[in-house]
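Asks: Predicted coordinates and the sequence they were generated for:
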Amino acid sequence: MTRIKVCGLVRAADVDAVNAARPDFAGFVVDVPASRRSVSPAEVRALAARLDAGIQAVGVFVDAPAATVAELLNDGTLDAAQLHGSEDAAYVSALRALTDKPLVQAFRVASAADVARAEASAADRVLLDSGAGSGRTFDWKLARACKRPFFLAGGLEPGIIARAVEAARPFGVDLSSGVETNGAKDPEKIARAVAEAHGADAPEAETTRAREQR
Ligand SMILES: O=C(O)c1ccccc1N[C@@H]1O[C@H](COP(=O)(O)O)[C@@H](O)[C@H]1O
């Protein structure tokens, strides 16, 4: 099973669709004016409260003040924070001092050097992407070389998830544009994406199976 995060929820109806499909993570882009998926801290509090238990709420931030991120983690609104801007090691360490909650650092991958930067991150998990909600894929062979568990993002959609998992061997996949129709989250695409990801083998499953066969 490969974990899946459905990102960029903005309406109560989006949360209801996610509650029905049951991905592992639901993402909210918080206070990013450049994104059409941006929600305010007050909106994310209301949306996350509507999310079913068992689905983890992830806040997606772009160079936000560490105190703002920590507040939403520590007050129980969010289960994890995804850092999707140009946050550096000093930022991750400053945020780490403010919260025990998991931190996911996103890296835009255009070369092996970008994967090496992700491998060196002090964050709990890393995410390899082509951009930020760009809807574009990148060379999955680069991601496959990553020596730590990672989320694969960028241009994923129902119908190509199994192929992406086979090519990149991620811990989880992360989708936003690919589960939208006319710019709004599409319940049917979300359900298909969750079923496809959960039906795809993640590396840890492969390892367990190999161990059992020995
Ligand atoms: O979705 C956004 O608008 C966004 C804005 C700022 C930072 C990150 C954003 N989204 C992240 O982009 C990837 C997937 O995008 P897509 O499937 O290619 O549309 C995912 O990690 C989102 O969290």
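Replies: In hand now; what should we look at? Numbering: from 1, shown residues only.
Asks: so who does Arg108 touch?
Replies: For Arg108, the set of contacting residues under the criterion of Cβ atoms under 8 Å, 6 or more residues apart in numbering consists of 114, 129-132. No exception for glycine: its C-beta is placed from N, CA and C like everyone else's.
Asks: Out of those residues, which end up buried?
Replies: Using 16 or more other Cβ atoms under 10 Å as the burial test, the contacts of Arg108 include 114, 129-130, 132 as buried.
Asks: Inside helices: which ones of the residues you listed?
Replies: When those are checked against helices (DSSP state H), the matches are Asp114.
Asks: Now render the buried ones among the contacts of Arg108 as a markdown table, adding distance to Gly59 and pLDDT.
Replies: Formatted as a markdown table, the entries for these read as follows, by distance: Cβ to Cβ, whole Å; pLDDT from 0 to 100:
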| residue | distance to Gly59 | pLDDT |
| --- | --- | --- |
| Asp114 | 23 | 97 |
| Asp129 | 16 | 96 |
| Ser130 | 21 | 94 |
| Ala132 | 14 | 85 |
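Asks: Nearest to Arg22 among the buried ones among the contacts of Arg108?
Replies: Nearest to Arg22, judged by Cβ to Cβ, of the buried ones among the contacts of Arg108 is Asp129 at 23.4 Å.
Asks: From the ligand, how far off is that closest one?
Replies: Applying Cβ to the nearest ligand atom, to the nearest Å, one obtains 5 Å for the distance of Asp129 from the ligand.
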